[in-house]
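[1] Model the following, please.
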Amino acid sequence: MIREKSVGVRKEGRKSEGISMSYDIIVSFMVLLLAIILFSTEKIRTDIVAIIIMVILPWTKVITPEEAFSGFSSNAVITVIAVMILGYGIESSGALNFLATFISGRAGTKSRTVMAYIAGATGLISSFLQNIGAVALFLPVAKKISESANVNLRKIIMPMGFVGIMGGTLTMIASSPLIILNDLLLEGGLTPLNFFSVTPVGLALFAAGIIYFFFAGDALFTDDKEENGKTDNILSIYDLPKKVYEIEIKEGSPLVGKTIEEIELWAMNKIHILAIWDSGSTTYTPWRKSRLNARQRIAVFGRFEYIEEFHTSFDLDLKTILYVFHELSNEKVAGFAEIIIPPKSSVVGKTLKEVSIRKNFKIEPITYISPEGDRLRVLERPLEAGLQIIVFGRWEAIKRIKESKDFVVITDVKPIQKEHNKIKSNISLLALGLSVFLVMFGLSLPLSFLTGAIIMLLFGVIPKEDLYKAVDWKTVFLLAGLLPLGIAFEKSGAAELSAEVIIGITHAWPDFTILLVIALITAVFSLFMSNAAATVLLVPIVLVMSSSFGMDPKGLALLVAVSASNSFILPTHQVNAYIKGPGKYTNKDFIRVGGLMSLIFLFVSVTMIYIFYV
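    Purely as a prediction, here's the structure:
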């Protein structure tokens, strides 16, 4: 239907001629334009840009200094700080390793399948838990699965965050805009919406987000070449395989009862056993006299054709991914290193058997390079000065070798990862559970999550010296610095003027186009002010306009509340700010990936509101 009536959008007490262009409004728009230019060019780091904006505004007298620095005490910033601390505790304690293993076992190693599982779970949790909490819950899981399945973390984290935001549209308690919407409807003399009024719209958005990343994810995200740079560099230089495989020894296999030495794996099968798992206990770089038994699992390294021949010949069960050995794919725990035997080493002139390098040093020799530069797969002569050996082992074993005088370790040794403490893992889960419980029963997000963070700190889950390391302060300043821009827009009248002008122009347009404009305005406002503030500002305006448009006022109000979550183009939403660091994303990544996501969100949400309310 085409509307013919002219419209005047006004708040109570405001004159019909609307808001005139004032100094404060002009300055607000100029600062916004400056922010857009600086963010898009990335000539200055994003957090510094936010600080610049925060300092400029009080100097122009658009807002007071107190308002300029109020972002540091805002609910959004305090919540993000608390969530970062909680996430650090969950990750360092290994509390959700079981969940990572569970998802890994079902998702396999394909990046799009892994993404769908993690993003889907995050989105569903977001339907009853604030999206920032759901994303914080699954970030450690995503990191663990990325390591065990060898999937690029960049292909998981942003989809997880975006779908988590869209999961916040599944129920009326899932996000701040939807929570406050019913209060705004009551103030406007309308009956409130029920718990599942938004669910059809939310389900459509939830499905659209997963489909978008499932089919476009590989093209949207390039591999992070630095992620496994050290290991991949060594493997590439010496043309070695880049994958570890997990194999289970079946009952009746010819391997049962034999030692590693007896089956001559290195000479006959051209593969190496890096670890043996037996009844929950793992032995890394096992000694050549170690005996193999049924139902054990072994981690093997070699070219796939040799691995396949080995598992077929000995009737073994080759797993598709690393289950019990997932830590072996994590360079934080173990990796490949290059070592050289110095002239005065005590091992010079001895054979490998005499040195017992696996038993005494807990490393697995992979290949050898003689002082003449010849490549030796099997070393049958005594060790000599200048011999290079590529070895695999846990970093703690390689560190011990580095501290000895018998070998020179060329490779940088990673910091040794601490063993997970079950008591601390349980405490971290209890702290997280308490935080979620408090949120569900109406306590504020910052208070709820800070309570959980303090519990982790008091019980030693997070060491005191690690407290400030757990917080990404660039993200904190980014959020705190941009919030005053939203205050300036609201206080100066720039936000209301923008809404009045644009909506006033569209009053004679088709219904679907009007809905598109309302959704677009809300999305733009939510980029530079909190989504709750955008909802509070725009819902009263669209309620007044609904009679002139001839549309259901509840439908328009619901569209505003849903569209306030359409914040994907910049890392200004607290979820986007939270995932920016772990995913190593740039502003261009958000503009490129989030731009298309915003368009999909826009058309899906408008279409669903049009179907159900127009």
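[2] Any regions of the stretch 451-600 of the chain where pLDDT drops low?
    By pLDDT under 70, the low-scoring segments of the stretch 451-600 of the chain are 499, 503, 529-530, 533.
[3] show me where pLDDT drops low in the stretch 1-150 of the chain?
    For the stretch 1-150 of the chain, applying pLDDT under 70 flags the ranges 1-20, 96-97, 100-101, 104-105, 108-109, 128-130, 148-149.
[4] which residues in it form strands?
    Under the criterion DSSP state E, counting those that start in this stretch, the stretch 1-150 of the chain carries no strands.
[5] Likewise for the chain?
    Taking DSSP state E, the strands of the chain run over residues 244-249, 272-278, 281-284, 297-301, 316-318, 334-340, 364-369, 375-376, 388-394, 408-409.
[6] Go through the ones you listed and find the least confident stretch.
    Mean pLDDT is lowest for strand 375-376 among these, at a mean of 79.
[7] So what's the residue count around Leu193?
    Look at Leu193: counted by other Cβ atoms under 10 Å, it has 17 neighbours. Bear in mind the C-beta positions are built from the backbone N, C-alpha and C, glycine included.
[8] Then Pro571?
    By other Cβ under 10 Å, the residues close to Pro571 number 28.
[9] ok, now which ones touch it?
    For Pro571, the contact set (Cβ atoms under 8 Å, 6 or more residues apart in numbering) comprises 46, 478, 577, 580, 585, 587, 590.
[10] With Thr60 instead?
    So Thr60 contacts 27, 31 (Cβ under 8 Å, 6+ apart).
[11] Swap in 6 Å and give it another go.
    Each residue near Thr60 by Cβ atoms under 6 Å, 6 or more residues apart in numbering is listed here: Val27.
[12] From Ala495, how far out is it?
    Thr60 is 17 Å from Ala495, where distance means Cβ to Cβ, to the nearest Å.
[13] what's the residue closest to the geometric middle of the chain?
    The geometric centre of the chain, computed from its C-alpha atoms, lies nearest to Ile157 (Cα atoms, centre = their mean), at 3.1 Å.
[14] which residue packs closest to that one, ignoring adjacent ones?
    Gly583 (3.9 Å; Cβ to Cβ, 6 or more residues apart in numbering).
[15] swap in Leu379?
    Tyr368 is the one closest to Leu379 (Cβ to Cβ, 6+ apart), at 5.0 Å.
[16] Let me know how buried the one you found is, in neighbour terms.
    By other Cβ under 10 Å, 19 other residues sit near Tyr368.
[17] ok, what's across the strand from it?
    Judged by DSSP bridges, the bridge partners of Tyr368 are Leu376, Ile389.
[18] Contact partners for the residue nearest to the centre of the chain?
    By Cβ under 6 Å, 6+ apart, the neighbours of Ile157 are 142, 579, 582-583.
[19] let's see it at 10 Å
    The contact partners of Ile157, by Cβ atoms under 10 Å, 6 or more residues apart in numbering, come to 115, 118-119, 135, 138-139, 142-143, 146, 221, 578-585.
[20] go on, Phe568?
    By Cβ under 10 Å, 6+ apart, the residues touching Phe568 are 158, 161-162, 165-166, 209, 523, 527, 575-576, 590-591, 593-601.
[21] can you pull out the helices in the stretch 101-250 of the chain?
    In the stretch 101-250 of the chain, the segments counted as helices under DSSP state H, counting those that start in this stretch are 111-125, 131-149, 154-167, 176-187, 199-220, 229-237.
[22] name the helices or strands packed onto the first one?
    Read it as helix 111-125. Here helix 111-125 touches helix 97-107, helix 131-149, helix 154-167, helix 199-220, going by 3 or more Cβ pairs under 10 Å, 6 or more residues apart in numbering; DSSP states H and E.
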